[in-house]
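Novice: the following comprises the amino acid sequence and a computationally predicted model.
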Amino acid sequence: MTTKSLQFRNLPVDGQPRPMQVAPRTLVIAGWAGRNVEAVEEHIRELEEIGVARPRRTPMFYRLSAALLTADGEIEVVGEAATGEAEVVLIRSGDAFHVGIGSDHTDRKLEAVGVTLSKQICGKPVGPDLWSLDDLRGHWDKLILRSKVWRDGEWRLYQEGTLDSLMTPDELLRQYEDDGGRFGEGDVMFCGTVPIIGDFYFAEKMALELSDPVLGRTLRHELHVRALEIAD
């Protein structure tokens, strides 16, 4: 099943940006995708203490509706329990793999009920610009994932870390196949995230960034989050 097509710009290292259209087929969120097994286990135990169930495996692949994906600059969530996290987004178009930036917005109250449900209830915004994965493999670990939230009238750093703490896209794809998945044309995977700074925070505005210090470029996507009133 396909959803409406998303419009992107493919940004080659050399040459002009090219428009690219992708009709998302499946959406997968890779959770617990850290390389440090001990750190992942520690985080799992922390979440168990607040009622979040232990994943059956790591990494864990949450299959969600591709209709959640949006390249718009605004999403709506129910109440203010949903918070975002910047993630690298892997997209397959034909035989080529592209990398973008997105936010795995998750309802933190529902997370204790079911992780998949807490993710399915929130839209998944992605930025409009993409890089080729082939241009990044040689220096993947040096890429910097970052997010900022609008708080008290200014941008504040919310996440920042290099991708050497996370599994590479190639490793995630191997693990996904081991879990019975097949990453084909139009498939989209969120590839894990770096820790937040402080506590989870609902933000009406959020800025996502993926910086490449080797090639001197940055993907950036700013989004607005509108909280819908919960009727009693």
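Specialist: Thanks, I have it. Residues are numbered from 1 along each chain as shown.

Novice: mind checking which helix or strand residue 42 is in?
Specialist: helix 37-49 (DSSP states H and E).

Novice: pull the residues that contact that helix.
Specialist: With C-beta atoms under 8 Å, 6 or more residues apart in numbering as the contact definition, helix 37-49 has outside contacts at 32, 34, 54, 55, 58, 111. Bear in mind the C-beta positions are built from the backbone N, C-alpha and C, glycine included.

Novice: for it, C-alpha coordinates in CSV please.
Specialist: In CSV, the C-alpha atoms belonging to helix 37-49 read as follows (Å, rounded to 0.1, in the frame of the first residue of the first chain):
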residue,chain,number,x,y,z
VAL,A,37,25.3,-2.8,24.3
GLU,A,38,25.8,-1.9,28.0
ALA,A,39,24.5,1.6,27.6
VAL,A,40,21.4,0.3,25.7
GLU,A,41,20.8,-2.2,28.5
GLU,A,42,21.1,0.6,31.2
HIS,A,43,18.6,2.7,29.3
ILE,A,44,16.2,-0.2,29.0
ARG,A,45,16.3,-0.8,32.8
GLU,A,46,15.7,2.9,33.4
LEU,A,47,12.5,2.9,31.3
GLU,A,48,11.4,-0.4,32.9
GLU,A,49,11.3,1.5,36.2
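
Novice: the spatially most central residue of the chain bridge partners, please.
Specialist: In the chain, the C-alpha nearest the mean C-alpha coordinate belongs to residue 87, at 3.2 Å (C-alpha atoms, centre = their mean). Counting by DSSP bridges, residue 87 is bridged to residue 102.

Novice: that one is in contact with residue 102, isn't it?
Specialist: Yes - A contact is recorded between residue 87 and residue 102 when judged using C-beta atoms under 8 Å, the distance being 5.7 Å.
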